[in-house]
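[1] Here is my input, please return the structure:
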Amino acid sequence: MDWTAAARADFYSRDQGSRLISLSWMQALKQTNGQPFLADGLSRYGYLRNPANTANLPAGFHASGPQDFQVVGMTSSACHSRQIEVDGKVYRVDGSPGFVDFYALLGGLDKAVGDVIASDSSFAPFSAAVLRSATPDAADVADLRRQVDGWYLRFHTLMVRALPKNGWGVGRLDAVGMIFKRISGLDIGPPPDFMIPENMKTADAPVRYPFLWNSPRQDKRQWPGFAKDGSDILGLARNVGEVLGVFTTFEPMRQGAIINFLDNNSANFDGLSELEAW
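    All right, here's what the predicted structure looks like:
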C-alpha cells in the first residue's frame, strides 16, 4: 500500500553517490553500429525504461551535479527491478532480481570510449559533441582528451583485469568480487591515479541478483554471509560497499596517523539511508 508512484520514482533515481561517467560523454558515445550509446536507453542490456528520465537513462541510472556538468551514476534499482509480460500485459516488479547483463554494459562502455580515443580523427566528433561546437578551441579539446584518457586508464585497467573472459551471464554478477577488486585496485594506491593494478584479480564467482523485500528480516546479507544486519549502521556499511562497487569517487588519504575516508568520497549517505528505509 505504501509503494506509490512517487516511491517508485524515488527508487529509480535516488542518488547513492555513484559517479560512473560524465553524462555529456555518454551522450556523445556511439555503439558499434554507429547509433548513439543511449539510443535504446540501454534496453539492449536488459535495463528498464524510466519514463521520468529526460536523458533517456533507464531505471536505476541518474544524472547528478550542476547543469552541463552532470555525471551518470547507478542506483540499486538498476540491479533490483524486473519486468515480465503475461498474456500481453506488462508487470513491473520493483525489488526483484534484475534480468540485466552488467558484464555486457561494462564491456560496451569500455569499447565505446576506447574507440573514441583510438585516434585524433575518432576523437574529433566526440569532442565536438561534448564541447557543443563544430570547431572547438584546441586547448579545450586537449583538456577534454586528458580527462577522457585518465578515466579510461582506470576503467579499462579494471575491465581487463577483473572481468572474466566468458562473462557472468544475464541476471548474474560477482558483485562482492568487483567491489573488492575495485577498492583494492583503483582506490588505495598512490596519486595521481590511485591504482594498484596487481590487486585486480578476476571476479569469477557470479551469483543471481537477490530480491530485496525480505532483506530487513535477514541476519546477514550478501551471498558469502559476511554482511551482518540488525542496525542502521550495519545497513549503511553494506550499502556503502555496494555503491563503491558501482564507481563511487573514493580517494582515502593518510593524514598523519589518521586515514581520511570522508573527503574525496562521493558516497551519498542520506541517499543510501533513504533507499534502505524503502
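[2] can we go C-alpha only for contacts and neighbour counts from here?
    Fine.
[3] what's the closest non-adjacent residue to residue 245?
    Excluding its sequence neighbours, the residue lying closest to residue 245 (CA to CA, 6 or more residues apart in numbering) is residue 179, at 4.2 Å.
[4] Show me which residues of the host helix or strand of that neighbour are buried.
    Here residue 179, judged by DSSP states H and E, is contained in helix 175-182. Going by neighbour count (16 or more other CA atoms under 10 Å), the buried part of helix 175-182 is 175-182.
[5] ok, back up a step: do I have it right that the residue nearest to residue 245 meets residue 238?
    No: assessed by CA atoms under 8 Å, residue 179 is found out of contact with residue 238, at 11.1 Å.
[6] so what does the helix holding residue 179 touch, helix or strand wise?
    Identification of packing neighbours for helix 175-182 by 3 or more CA pairs under 8 Å, 6 or more residues apart in numbering; DSSP states H and E yields helix 138-162, helix 232-245.
[7] Flag the shaky bits of this protein, pLDDT-wise.
    223 (pLDDT under 70).
[8] ok, which stretches of it are helices?
    Ranges of helices in the chain, per DSSP state H, are 5-13, 23-28, 102-116, 120-131, 138-162, 175-182, 232-245, 269-277.
[9] For the last one, buried residues please.
    Residues 269, 271-273, 275 are the ones in helix 269-277 that count as buried (16+ other CA under 10 Å).
[10] ok, now stretch 92-110?
    Within stretch 92-110, the residues that count as buried by 16+ other CA under 10 Å are 94-106, 108-110.
[11] Ok, stretch 144-151 next?
    Buried, per 16+ other CA under 10 Å, within stretch 144-151: 144-145, 148, 151.
[12] same deal with stretch 124-135?
    Residues of stretch 124-135 classed as buried by neighbour count (16+ other CA under 10 Å): 124-131.
[13] before we move on, what about stretch 61-71?
    In stretch 61-71, counting by 16+ other CA under 10 Å, buried: 61-64, 70-71.
[14] Distance to residue 1 added to those, as CSV?
    Shown next, in CSV, are the buried residues of stretch 61-71 (distance: CA to CA, whole Å):
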residue, distance to residue 1
61, 25
62, 26
63, 29
64, 30
70, 34
71, 34
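[15] Counting only strands, which of those residues make the cut?
    Residues of those located in strands (DSSP state E): 61-64, 71.
[16] Residue 208: which of those residues is nearest?
    The shortest approach to residue 208 among these belongs to residue 61, at 20.1 Å (CA to CA).
[17] For the nearest residue to that closest one once chain neighbours are set aside, grab the count of nearby residues.
    Using CA to CA, 6+ apart and skipping the chain neighbours, the partner closest in space to residue 61 is residue 74 (4.5 Å). Residue 74: 27 surrounding residues under other CA atoms under 10 Å.
[18] so residue 74 touches residue 246, yeah?
    Yes: with contact defined as CA under 8 Å, residue 74 reaches residue 246; the gap is 6.6 Å.
[19] what is in contact with those two at once?
    Common neighbours of residue 74 and residue 246, counting by CA atoms under 8 Å, 6 or more residues apart in numbering, are 18-20.
[20] re earlier: between the helices of the chain, which one is nearest to residue 42?
    Minimum separation from residue 42 across the helices of the chain (CA to CA) falls at helix 102-116, 8.1 Å.
[21] for the closest one, packing partners?
    Using 3+ CA pairs under 8 Å, 6+ apart: helix 102-116 touches helix 120-131, helix 138-162.
[22] so it versus helix 120-131, what angle?
    If you take axes from the mean of the first three to the mean of the last three CA atoms, to 10 degrees, helix 102-116 sits at 110 degrees to helix 120-131.
[23] Helix 102-116 to helix 138-162, inter-axis angle?
    Using the same axes, to 10 degrees: helix 102-116 against helix 138-162 is 140 degrees.
[24] Output helix 102-116 as PDB, nothing but the C-alphas.
    C-alpha atoms of helix 102-116 as PDB (Å, rounded to 0.1, in the frame of the first residue of the first chain):
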ATOM      1  CA  PHE A 102      26.000  -5.800 -16.300                       C
ATOM      2  CA  TYR A 103      29.100  -7.500 -17.800                       C
ATOM      3  CA  ALA A 104      28.000  -6.500 -21.300                       C
ATOM      4  CA  LEU A 105      27.300  -3.000 -20.200                       C
ATOM      5  CA  LEU A 106      30.800  -2.600 -18.700                       C
ATOM      6  CA  GLY A 107      32.400  -4.100 -21.800                       C
ATOM      7  CA  GLY A 108      30.300  -2.000 -24.200                       C
ATOM      8  CA  LEU A 109      31.100   1.200 -22.300                       C
ATOM      9  CA  ASP A 110      34.800   0.300 -22.300                       C
ATOM     10  CA  LYS A 111      34.800  -0.400 -26.000                       C
ATOM     11  CA  ALA A 112      32.900   2.800 -26.800                       C
ATOM     12  CA  VAL A 113      35.400   5.000 -25.000                       C
ATOM     13  CA  GLY A 114      38.300   3.000 -26.400                       C
ATOM     14  CA  ASP A 115      37.100   3.600 -29.900                       C
ATOM     15  CA  VAL A 116      36.800   7.300 -29.200                       C
END
